[in-house]
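S.K.: here's a sequence, model it:
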Amino acid sequence: MSSRTLLDALSDLVVVVGGDGRLLDLGAAARAFLGDRITGVTHVRELLDVVEPTARGPVAEVVVDMVLRTGEWRGSGHLLDAAGNPVPFDVTVRMDRAGWIVIVAKDTSDRHARRVAEQESRAKDEFMARLGHELRTPLNAMLGFAQLLELEAPSNLLEDVERIITGGRHMQSLIDDVLDLARLRAGRGEIIKAPVNVLEIVEGVVELVEPLAQRRGIRRVIHPAEPLVADADRRRLWQVLLNLVGNALKYGRDGGTVRVGIVPVTGGRLRIEVEDDGIGLPPDAMGRLFRPFERLGAERTRVEGSGLGLALSHALVTAMGGVLTAASRQGVGSVFAVVLDAVDVRYPHPDPEEDMFTPAAGRASLPDGLRVVHVSGDPATRAMVSQALARSFSADTVSVPRGALALDAVRRARPHIIMIDQQLPDTTAAELLGELAADPRAANIPAVVLSADDDPAEVLRLRHAGARQVVPSPMDTGALVIAVSSAAGPQLAGLADPGIQRSA
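M.R.: Alright, predicted model coming up:
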């Protein structure tokens, strides 16, 4: 492939300059950006008019000095397009051994636009938060005086006073939602995660909305595949499911059905589905589904709402480390799904008097195969590790999404191996290794760390912290099998699948 073809294939602006400053070549993107301005240009200094005027003098001096001293200069700035509009670029100027200079400019307009959009979004959230606080003070006074008036109002005014209180409480709820959404979008929302019985939450929500379901003759169906526990904020999960089930009842058809399903999914996660057979949504509405105050045409119906429920639910699920998705067909119905990390509670807490101090490697036999507790915040990694260990050792892997839940999982499952990702959502592998070493029930269980850092010093630090083996990540299945076999001892040698090959 010729140098011309290579230059033209690049999307960045590329200019090749000789040691004397003469232009030698330009890529297609550079020629298109410069347009007629390149006509008659033979020397690089004639291209300075393309640089934003305020930076022309300083930039030229700095670039020349840096390239002559170090062979390279990197920086950011604005270049003028054919219409004279400034466009942001990241620029690299590099000198090769032959004395040629290559200038590469990468358009960062998309990055700049995203940064501006994020700043505008934060500004709007802060404005809404301030507005909410300003509204709350007079509203509290209004509600307080209305409730005092309710105690002394004559009977002919009592109904009007109750309307004031009802409207005030509705406004208070709306302000609370706006403030909550602003805090969550700014990363300041209060989320307290712990193991939560999902079926219990679902049953409580369905019972709470029973009056609305009865009025519309809608049947409720709950399909729990098995008792499942989510790693979530109990109050926030209740809030999300109340909104989703409430919407399904409001927008479902009279005499229809609302189904709530609870099913496990790969990677140590669970999925809560809320499905209705109502009016559904058109395809063009799906992109606006989680925008604040967006009611998607429902404002033209008698169905009440603020347009904040789905936006707030989306922010809450995201803050809990989960995903909220939606699918809909107009005239058929909609399905909303909350996917959260699951907590594996298959193994009950052991009898306190049972001997928990026997090292896994010292057990006489492994009738049920290898048992592993894997601590990882990444569902994909949890799924890959679980599959690899099941295939290689017929292993039973208990997946744990956070370091804070690891010790409880170890006490329940009494594993032969503990596997830990180097970086966790709430701690690091080194810190968790220290916590495990301080607990007599976990201290003797060998630990294997999946580390993305191949620095020998970091590997040594992890070993000093208590890691028996350190496996490079992205995961190498062959290295993982060898590390687990070595950490668990010779009694597992017969369990490994000899057909496992080290991956490339």
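S.K.: make it CA atoms for all contacts and neighbour counts henceforth
M.R.: OK.
S.K.: can you tell me the element Ala388 falls in?
M.R.: Per DSSP states H and E: Ala388 is located in helix 379-393.
S.K.: distance of the residue nearest to His223 when sequence neighbours are not counted from Glu200?
M.R.: The shortest distance from His223 to any non-neighbouring residue, by C-alpha to C-alpha, 6 or more residues apart in numbering, is to Gly261 (4.6 Å). According to C-alpha to C-alpha, to the nearest Å, Gly261 stands 13 Å off from Glu200.
S.K.: with Leu80 instead?
M.R.: From Leu80 across to Glu200, the span is 61 Å (C-alpha to C-alpha).
S.K.: so Val274 sits in a helix?
M.R.: No - counting by DSSP: H, G, I helix; E, B strand; the rest coil, Val274 is located in no helix; its state is strand.
S.K.: which residues does the nearest residue to it once chain neighbours are set aside bridge with?
M.R.: Among residues not flanking Val274 along the chain, Val260 sits closest, at 4.6 Å (C-alpha to C-alpha, 6+ apart). Beta-bridge partners of Val260, counted by DSSP bridges, are Ile222, Val274.
S.K.: settle it for me: which of Gly261 and Glu200 has more neighbours?
M.R.: The residue with more neighbours, out of Gly261 and Glu200, is Gly261; 18 against 13, by other C-alpha atoms under 10 Å.
S.K.: low-scoring pLDDT stretches of the stretch 1-150 of the chain, where are they?
M.R.: Low-confidence segments of the stretch 1-150 of the chain, defined by pLDDT under 70: 1-6, 57-60, 112-113, 117-118, 121-122, 124-126, 128-129, 132-133.
S.K.: helices of that one, start to end?
M.R.: 3-9, 28-34, 56-70, 109-152 (DSSP state H, counting those that start in this stretch).
S.K.: picking that back up, wait, the residue nearest to Val274 sits on Glu275?
M.R.: Yes - Val260 is within contact range of Glu275, at 6.4 Å (criterion: C-alpha atoms under 8 Å).
S.K.: and the spatially most central residue of the chain, backbone torsions?
M.R.: Centroid-nearest residue in the chain, with C-alpha atoms, centre = their mean: Gly321, separated by 5.8 Å. Backbone torsions for Gly321, taken as degrees, to the nearest 10, come to phi 80, psi 20.
S.K.: what pLDDT does it get?
M.R.: Looking at Gly321, its pLDDT reads 92.
S.K.: what's the neighbour count on the closest residue to it other than its chain neighbours?
M.R.: Of all residues not flanking Gly321 in the chain, Leu340 sits nearest, at 6.9 Å (C-alpha to C-alpha, 6+ apart). Neighbours of Leu340 under the rule other C-alpha under 10 Å: 26.
S.K.: distance of Leu340 from Arg183?
M.R.: Leu340 is 21 Å from Arg183, by C-alpha to C-alpha.
S.K.: same check on Thr39?
M.R.: Between Thr39 and Arg183 the computed distance is 54 Å (C-alpha to C-alpha).
S.K.: more neighbours, these two?
M.R.: Using other C-alpha under 10 Å as the criterion, Thr39 and Arg183 rank with Arg183 on top: 18 against 9.
S.K.: surely that one is in contact with Gly189?
M.R.: Yes - with contacts counted by C-alpha under 8 Å, Arg183 reaches Gly189, the gap being 5.0 Å.
S.K.: with that, I have no additional questions.
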